[in-house]
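Chemist: Got a predicted structure here, sequence first:
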Amino acid sequence: MRRNTLQLEDDDEAEVNLTPMLDVVFIMLIFFIVTASFVKESGIDVNRPNAATAERKEKGNILVAISADNQIWIDRRQVDPRALRANIERMHAENPMGAVVIQADEESKNKLLVQVMDAARSAGVKNVSIAAEVVY
């Protein structure tokens, strides 16, 4: 009889309680989700022109891309030039402190770049920049 009592006590001690570990994992998951910065991308890769005086901007910006075949992309979707101002206004309302950064391909037309700049300014954005590759 004594032997069975010892065997039951050993089985109880061998059990591991996983609840505190799961609590820690969920707290870490929530921490990483809350502290992650979500970057909005324009949707396409462009070959930006080189510039010796280019500066890096770290803040959340509204990215507008102009492809080599003169298509405008915002937030991974193609935008018609006539709807550009409305899209910039909507994104500027979501992020009032953000600037518009135009990522124009070096093969794109200058006319389209000016249209995008005008649309951004008429949407109420004061800080409009053109992206370039930094040359050292």
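Modeler: Alright, I've got the coordinates. No experiment lies behind these values; they were computed from the predicted model shown.

Chemist: so who does Ala51 touch?
Modeler: By Cβ atoms under 8 Å, 6 or more residues apart in numbering, the contact list for Ala51 reads Ala132, Glu133, Val134, Val135. Every C-beta, even on glycine, is put in place using the N, C-alpha and C of the backbone.

Chemist: So which of these is the closest to Arg90?
Modeler: Proximity to Arg90 was ranked across those by Cβ to Cβ; first place goes to Ala132, at 26.4 Å.

Chemist: And that closest one, how far from Ala123?
Modeler: To Ala123, Ala132 is 23 Å away according to Cβ to Cβ, to the nearest Å.

Chemist: Give me the more crowded residue out of those two.
Modeler: Set Ala132 next to Ala123 and count neighbours by other Cβ atoms under 10 Å: Ala123 wins out with 20 against 17.

Chemist: State the distance from that one to Val135.
Modeler: In this view, Ala123 and Val135 are 31 Å apart by Cβ to Cβ.

Chemist: mind giving me the domain split of the chain?
Modeler: 2-35, 50-134 (automatic domain parsing).

Chemist: Export those domains as JSON lines, with columns for mean pLDDT.
Modeler: Formatted as JSON lines, those follow (pLDDT from 0 to 100):
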{"stretch": "domain 2-35", "mean pLDDT": "74"}
{"stretch": "domain 50-134", "mean pLDDT": "86"}
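
Chemist: Looking at those, which one is packed in the most?
Modeler: Most buried of the domains of the chain, by mean neighbour count (mean count of other Cβ atoms under 10 Å): domain 50-134, with a mean of 16.

Chemist: all strands for the chain, in order.
Modeler: 50-51, 62-66, 72-74, 77-79, 100-104, 128-130, 133-134 (DSSP state E).

Chemist: looking at these, which is closest to Met28?
Modeler: Smallest distance to Met28 across the strands of the chain (Cβ to Cβ): 30.6 Å, for strand 62-66.
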